[in-house]
Each structure stands twice: as C-alpha cells, then as structure tokens.
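1. Provided below for reference: sequence and predicted model.
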Amino acid sequence: MQTRLADFIKNSPQGQEADAILRSCVHCGFCLATCPTYQILGDELDSPRGRIYLMKQMLEGQPVTQKTQLHLDRCLTCRACETTCPSGVRYGALVDISRGMIEQQIKRDARSDVLRYTLRKILPNAPVFSLLLKAGQTVRPFLPASLKRKIPSKLGYAKTPWPAARHARKMLVLDGCVQPALAPNINAATARVLDRLGISLIKSVDAGCCGAVAFHLNAQQEGLDYMRRNIDAWWPFVERKEVEAIVVTASGCGVTVKEYGHFLQHDPVYAEKAAQISALAKDISEILLAEMENLERLLDGEHINASRTRLSFHSPCTLQHGMKIRGVVEKILNAAGFDLGIVPDAHLCCGSAGTYSILQPELSQQLLKNKIAALESCKTEQIATANIGCLMHLQGGTETSVRHWIELLDERLSCQEKARDLKAG
C-alpha cells in the first residue's frame, strides 16, 4: 500500500513504524473471514481492512471524526487478523498508535470519559479492586440475575497453600491486578505444579498491573509507567541472575509483558531492561512444555486412563493470536488425561477483551453467546481457559464450571500423588 504520511508524524518513531505496517498491507481481505466484529456487523469499516483504511486517512492528515473513533473502539484487538494475514501486517501495533492519536484529537462525551477513567483507576489497583469486589459479593444475593452473573461468589475462589521457596531453580510470577482477588488459586496452583518439578515460584511485592488496562484505554503514558514499575520490581532478581523466567498465568498480561521491549524501545533508561524482561517472560504453558518429560513422569498413565474427563478448552486470543502459542495447553491437558472436545470457530474471540465487555456490552454479549454455544456443543463436563478475563466472562454466560487449566492440572497431579500413596501403603 502506498502512503504519504502527514508532516506531523512521518519523521517520528511512531510514524515510521506506522508507515512500515501500512506498506505491508496489500488489502487482500483475508482478514475479513476471521474478524469477530465483521462477522456480526457486516460493515467493512468494522473489519481490519476497513479500519486500516481509516487509520491511513488519519495518518495522512485527513480530518478525524467520531465515526473513526467508533470503528476503532469496536475493535477487540483480538489479533485474529494477524494470524490470518499472509503479509504479516502488525495490525495490533498500528491500532495502538492510531488510538493514541485519536484520543488527542476527538473529545469523548462525559459519560465515556468518566467510565474509562474509573476503569483504569480501579482495575489496576489491586487493594481498591479487592475491597470493591468484597462489597459486591456481600450484596450479590440481592442483585438481579444480570448483575449477579458479573460478580463471582466467594465459593470456589478461596486462597490455597503456596509452597515455600526450597529449590535452587527459581522463577518470578506476575501476580497481576484483578486475578489475586478474583481467583487467587490460579497462581497458587501454578506454584504447586512447578514445586513438584523442582522449581520455586516467587513474587516481587512491588510488581503489579502489567500496564495493559491503562494502555489499551488510550492512557498510554500511564500504561508505560506501570510497565516501568514492574521492570524496577523485577530487575534486582534479573540482575543477580536469581530467576530463570518471569511466569505469567494470565495470557492477557503475558502478551503485554512479552512486548515491554517494543513498548519501551525508545526509552533511553528502560529500553535495554525492557528487552531483557520480555525475553524472560513466559506463559506457564511454555514452561511446562519445556518440562514435559519430567511432567509426564509425575502423571501415572494407568490412573489417568481410568478417569478421563471430557473438557472444552477456550484458547484466549492473547494466547493463540498475541503470543502465537497454539496446541501447547491442549498437549499438556491430553497428557494429564483430559479428553478435549473440538471447539467450532475456536479462533474467534469470546468478547471479554480486557474492558471491552464493559465498554461494548452488546457486541461482547453476542460474542459470548456464540462462544458458549461452541464450547457447550462438545458436551463437556468443564470449560478451561488461560486468561482471567476470559474465565470470568465465560462463567457469566454458562452454568458449566469454568476453570483455569493450570488448576485442573494441579488437581490431577494431586490425585495422582494420593493414588500412589495408597498403592504404596
């Protein structure tokens, strides 16, 4: 695609990046077939190709309107188009650049401004979010069903034991912002699984939100500050070579931490550190894949084959399209004795997409309905996923239990240990 970027951006680092991305697009239209919003709305401007056209106009200096903002707001940033694109167009990066520019040019209405400000001040603030969640759980029995589904009950979300750091091999874990309050067992289960493999999982108390919430609400400098804070919190461990990796159990956070090096590439203080942090960042599935031989030793095939559980796995967009991790979780779950159903249209987003389910509720609910229908078509006993946002969103649309897959693996390993103890006794 030929471009003629406007003078105000063409010589800036962002302008040069945007220009390269635009030039890589050949407008073939393959992305339309995998874009969730285009599938629902049927509007070319709600497809990656149409949005690229709008972004090109803006970057070339043409007037920006609220219509442009609306079409970019409707984008889930699921990045399914990147998986489909034969030309390797980095659509997600282009959207980040363009949304930041639009936010400076188009004023939102007061309601939208307040909602976005509230989200980025509450969600990344773990103590405040935890307090509000507890208040919501207290009044949950008295709420209408539509609101009740959005607030998890206290049952099933209790804290569970975290093994002591006793191994020479150590890895850091990102605790995150909402996950410790919503599902504290996820990271605890991860610590127990790794402990069985001879790896101690440790935390840095100074680390917090990965920065995705603020960044994708177009408060990009605020988001970068969260990233810098995490780098500062982790750097002493990295500098002293105390840890092998930074483990992330929420794929939405994982794809962000893996891109710290890109987001901060022009920061003279943090660029080099950010690149090293990104290189160390691993989704928990990547860690376990590397330890597969040791993991399989812990899994007793005789007991597993006698107790296979039918399961649907929802692969979050951030896992399969953002981090390009496909088939890994499924391989681990199969090895652990789970019988995975084949989910139709597994590449499509569930509609969670960070704060999208709050900001675009109608589109989000339609996507949720479609995704639940696809997952339940497998006639499975449980649904598993790899991201806290997807987990909570899916659970709000079904009576079927939705869990993080690492919790299921932890429980299976625990059952194996008990079976071996009984056999030995």
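-> Right, received. Where do you want to start?
2. residue contacts, Leu119?
-> By C-beta atoms under 8 Å, 6 or more residues apart in numbering, the residues touching Leu119 are 213, 217, 355, 358-359. Every C-beta, even on glycine, is put in place using the N, C-alpha and C of the backbone.
3. confidence score at it?
-> If you check Leu119, the pLDDT there is 94.
4. How far does the host helix or strand of it sit from its chain's centre?
-> Taking DSSP states H and E as the criterion, the element that holds Leu119 is helix 110-122. What separates the centre of helix 110-122 from the centre of its chain is 21 Å, taken as C-alpha atoms, centre = their mean, to the nearest Å.
5. Buried residues of it, list them for me.
-> 115-116, 119-120 (16 or more other C-beta atoms under 10 Å).
6. low-confidence ranges in the stretch 151-300 of the chain?
-> 154-158 (pLDDT under 70).
7. what about the strands in it?
-> 169-173, 199-202, 246-248, 281-283 (DSSP state E, counting those that start in this stretch).
8. Just put those strands in CSV and tack on mean neighbour count and distance to Ala346.
-> Output for those, formatted as CSV (neighbours: other C-beta atoms under 10 Å; distance: least, C-beta to C-beta, whole Å):
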stretch, mean neighbour count, distance to Ala346
strand 169-173, 20, 27
strand 199-202, 20, 29
strand 246-248, 26, 22
strand 281-283, 25, 17
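9. Out of those, which is closest to Leu333?
-> strand 281-283 (14.4 Å; C-beta to C-beta).
10. who does the closest one touch, helix- and strand-wise?
-> Counting by 3 or more C-beta pairs under 8 Å, 6 or more residues apart in numbering; DSSP states H and E, the packing neighbours recorded for strand 281-283 are strand 246-248, helix 251-257.
11. same thing but 6 Å
-> strand 246-248 (3 or more C-beta pairs under 6 Å, 6 or more residues apart in numbering; DSSP states H and E).
12. For the strand it packs on, which strands pair with it and how are they oriented?
-> strand 169-173 (parallel), strand 281-283 (parallel) (DSSP bridges).
13. among these, which is nearest Ala110?
-> With C-beta to C-beta as the criterion, Ala110 lies closest to strand 281-283 of those, at 37.8 Å.
14. Pull the contacting residues for the residue nearest to Ile325 when sequence neighbours are not counted.
-> Once flanking residues are discounted, Ile325 sits nearest to Leu319: 5.2 Å by C-beta to C-beta, 6 or more residues apart in numbering. Going by C-beta atoms under 6 Å, 6 or more residues apart in numbering, Leu319 touches 251, 325, 386.
15. cutoff 10 Å now
-> 250-252, 254-255, 283, 285, 325-326, 328-329, 385-387, 390 (C-beta atoms under 10 Å, 6 or more residues apart in numbering).
16. Widest-spaced pair of those?
-> Between all members of the contacts of Leu319, the farthest pair (by C-beta to C-beta) comes out as Ala250 and Arg326, at 17.7 Å.
17. Could you check which of these two has the larger neighbour count?
-> Ala250 (32 against 14; other C-beta atoms under 10 Å).
18. Kindly give the local confidence score, pLDDT, for the residue nearest to the more buried one when sequence neighbours are not counted.
-> Nearest residue to Ala250, sequence neighbours excluded (C-beta to C-beta, 6+ apart): Ile388, at 4.8 Å. Here the pLDDT value assigned to Ile388 is 96.
19. Quick check, Ile388 in contact with Leu174.
-> No. Using C-beta atoms under 10 Å, Ile388 is not in contact with Leu174; the gap is 11.4 Å.
20. Which neighbours do these two have in common?
-> Taking C-beta under 10 Å, 6+ apart as the contact rule, Ile388 and Leu174 both touch 249-250, 253.
21. Please dump the strands paired with strand 246-248 into JSON lines; it should also carry distance to Leu299 for every row.
-> Output for the strands paired with strand 246-248, formatted as JSON lines (distance: least, C-beta to C-beta, whole Å):
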{"stretch": "strand 169-173", "distance to Leu299": "20"}
{"stretch": "strand 281-283", "distance to Leu299": "20"}
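22. All the helices of the stretch 1-150 of the chain, in order from the start?
-> 7-10, 13-24, 36-41, 48-59, 66-73, 80-84, 91-105, 110-122, 126-139, 145-148 (DSSP state H, counting those that start in this stretch).
23. pLDDT on the longest one, on average?
-> Right, the one you point to is helix 91-105. Here the average pLDDT along helix 91-105 is 93.
24. Look up the pLDDT of Leu123 for me, please.
-> 93.
25. ugh, wrong one, Gln360
-> So Gln360 comes in at 95 (pLDDT).
26. Not counting its neighbours along the chain, what's nearest it?
-> Of all residues not flanking Gln360 in the chain, Arg74 sits nearest, at 6.2 Å (C-beta to C-beta, 6+ apart).
27. do Lys371 as well
-> Cys350 (4.2 Å).
28. could you redo the contacts of Leu119 as a markdown table and give each row neighbour count and distance to Ser315?
-> Formatted as a markdown table, these follow (neighbours: other C-beta atoms under 10 Å; distance: C-beta to C-beta, whole Å):
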| residue | neighbour count | distance to Ser315 |
| --- | --- | --- |
| Val213 | 26 | 22 |
| Leu217 | 21 | 25 |
| Thr355 | 19 | 21 |
| Ile358 | 15 | 23 |
| Leu359 | 17 | 23 |
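29. just these now: which is nearest Ile106?
-> Nearest to Ile106 among those is Leu217, at 14.6 Å by C-beta to C-beta.
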